[in-house]
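> test case, fold it:
(one chain, ligands or ions: 1)
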Amino acid sequence: MDDVIIIGGSFAGLAAALQLGRARRKVTVLDTSLPRNRFAGHSHGLLGHDHKPPLDILAEARQQLARYPTIKLVNARADSISGAIDDFSVLTGDGESLAARRLILSYGVADQMPDIPGFAKGWGTSIVPCPYCDGFEVAGQHWGLVWSGPQSHNQVRLFHDWTDTLTVLTDGHEIPSDVRADLARRKIPVVDGRIAEIAQQGDHNAIVKLDTGSKVSVDILFAHPRNKPSASLHESLDLATVDTPLGIILKVDERRETSLPGIYAAGDLANPLMPSVTLASSHGATAGISAQQSMLV
Ligand SMILES: Cc1cc2nc3c(=O)[nH]c(=O)nc-3n(C[C@H](O)[C@H](O)[C@H](O)COP(=O)(O)OP(=O)(O)OC[C@H]3O[C@@H](n4cnc5c(N)ncnc54)[C@H](O)[C@@H]3O)c2cc1C
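Residues are numbered from 1 along each chain as shown. The predicted structure is shown next:
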């Protein structure tokens, strides 16, 4: 039996494994190699790894983990989880049944691409979610923001630190009159209509075609599609969740323990703030240490 099985071996899961491996705990990491930022050419904001391709950062991390004899990295999907503290079972897609005293869920979330021609193609290059990740490279240029709800008003305020040239695309959302007045005061144009298509030109530069017939060209488009957990394993054990404006996440305490003793969660799957490799790694490390300390005799 393993001490810990980690489901999802990306930034959060590998950070958890590193702490556990260094504490000489027996760990299996199951991973299907589909990190959320795999569409991005470079990852920004992680100390020591700024502006590196995300898959290179993960490959280097996996190489470093190979040094620890108690960590096993397995390329497999977890299909189901069951049991209780000190006696969890995980069934893999290969039909293997694994057992562990603790589980760490770090299988991330999947962005749900809207059914707009060109959206999925531009995701990670001309269409991005986060200014901390991609804002610096296009600072001062013309940004577009696809409105996704009340939280978009905060994005407008946030974006001021990077650019003074912003266009809001309502994409069919109703923007309340007081918010429209604030946008007008900030001299931010608001373009009504649903997005019919997004064409890409060069590395960035999105040309947004609206169902009204008009077109808006921007140097980068920010959008926040809804997301959902990349797997539904938490549902079988009825783990508590929290609603966020863009999807559900798992509820955890400050030690990253979920509502079921012995199961921890880390990374985007349990992060109510913004998605971030740094936060995923930090929460993963916390989950690993918490799981280890919960097994002390
Ligand atoms: C376009 C884009 C660009 C981004 N750029 C940046 C950036 O520059 N800087 C930054 O800090 N953040 C960036 N982010 C955010 C960043 O991608 C996430 O915060 C980070 O990947 C979260 O790490 P994680 O380990 O929680 O989840 P993920 O990286 O999403 O990894 C989850 C892992 O679990 C695996 N998995 C899923 N289901 C199963 C299962 N059933 N069994 C086994 N394995 C499973 C997946 O294959 C995947 O490998 C970006 C996000 C996007 C969408």
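> could you list the low-pLDDT ranges of this structure?
Residues of the chain meeting the criterion pLDDT under 70: 203-204.
> now do the helices in it.
Along the chain, the stretches classed as helices by DSSP state H are 11-22, 54-65, 119-122, 131-134, 151-159, 177-185, 233-236, 277-293.
> please identify the most buried of the ones you listed.
Of the helices of the chain, the one with the most neighbours on average (mean count of other C-beta atoms under 10 Å) is helix 11-22, at a mean of 27. Any C-beta I mention is one placed from the backbone N, CA and C, and that applies to glycine too.
> give me the residues contacting that one.
3-4, 6-7, 9, 27, 29, 31, 35, 57-58, 61-62, 64-65, 68, 70-71, 73, 104, 106-108, 264, 266-269, 277, 280-285, 287-289, 291-292 (C-beta atoms under 8 Å, 6 or more residues apart in numbering).
> ditto for stretch 197-204
116-119, 121-122, 125-127, 138, 141, 206-209, 217, 219-221.
> now, which of those residues lie within strands?
Assigned to strands by DSSP state E, the following of the contacts of stretch 197-204 qualify: 127, 206-209, 217, 220-221.
> rewinding a little: which among the helices of the chain is found nearest to residue 246?
helix 151-159 (7.9 Å; C-beta to C-beta).
> who are the packing partners of that closest one?
Counting contacts by 3 or more C-beta pairs under 8 Å, 6 or more residues apart in numbering; DSSP states H and E, helix 151-159 packs against helix 131-134, strand 143-146, strand 166-169, helix 177-185.
> so for residue 160, which of those sits nearest?
For residue 160, the closest of the helices and strands packed on helix 151-159 is strand 166-169, at 8.2 Å, according to C-beta to C-beta.
> what comes up buried for stretch 36-51?
Going by neighbour count (16 or more other C-beta atoms under 10 Å), the buried part of stretch 36-51 is 36-37, 39-40, 42-46, 49.
> is the ligand within reach of that stretch?
Yes - contact of stretch 36-51 with the ligand (C-beta under 6 Å from any ligand atom) involves 36-37, 39-40, 43-46.
> what's the burial count for the residue in the chain positioned nearest to the ligand?
Relative to the ligand, the nearest point of the chain is residue 267 (2.0 Å; C-beta to the nearest ligand atom). By the measure other C-beta atoms under 10 Å, the count of residues near residue 267 is 34.
> so how far is residue 251 from it?
Distance, residue 267 to residue 251, by C-beta to C-beta, to the nearest Å: 14 Å.
> again with residue 227
From residue 227 across to residue 251, the span is 17 Å (C-beta to C-beta).
> more neighbours: those two, which one.
Each of residue 227 and residue 251 has its neighbours counted (other C-beta under 10 Å); residue 227 has more, 20 against 16.
> between the helices of the chain, which one is nearest to residue 85?
helix 277-293 (10.6 Å).
> the closest one and the ligand, are they touching?
Yes - Helix 277-293 reaches the ligand (C-beta under 6 Å from any ligand atom) through 277-278, 280.
> so how far is that helix from its chain's centroid?
Using C-alpha atoms, centre = their mean, to the nearest Å, the mean C-alpha position of helix 277-293 is found 15 Å from that of the whole chain.
> next, the angle helix 11-22 makes with that helix.
Interaxial angle, helix 277-293 versus helix 11-22 (axes from the mean of the first three to the mean of the last three C-alpha atoms, to 10 degrees): 40 degrees.
> what's the angle from helix 277-293 to helix 54-65?
Angle between the axes of helix 277-293 and helix 54-65 is 30 degrees (criterion: the same axes, to 10 degrees).
> now for helix 277-293, which elements pack on it?
Secondary-structure packing of helix 277-293 (3+ C-beta pairs under 8 Å, 6+ apart): strand 2-7, helix 11-22, strand 97-105, strand 263-265.
> tell me, how many residues neighbour residue 96?
Neighbours of residue 96 under the rule other C-beta under 10 Å: 12.
> find the nearest non-adjacent residue to it, please.
residue 76 (7.3 Å; C-beta to C-beta, 6 or more residues apart in numbering).
> got the contact list for that neighbour?
Applying C-beta under 8 Å, 6+ apart, we find residue 76 in contact with 30-32, 92-94, 96.
> most neighbours, which of those residues?
In terms of neighbours by other C-beta under 10 Å, those top out with residue 30 at 25 neighbours.
> got the residues of the stretch 51-200 of the chain near the ligand?
So the stretch 51-200 of the chain meets the ligand at 77-78, 106-108, 111, 124, 128-130, 133 (C-beta under 6 Å from any ligand atom).
> ok, which pair from those residues is furthest apart?
Farthest pair in these, by C-beta to C-beta: 78 and 128, 29.3 Å.
> now residue 7, nearest residue through space, not along the chain?
For residue 7, ignoring the flanking residues on the chain, the nearest one in space by C-beta to C-beta, 6+ apart is residue 78 at 4.4 Å.
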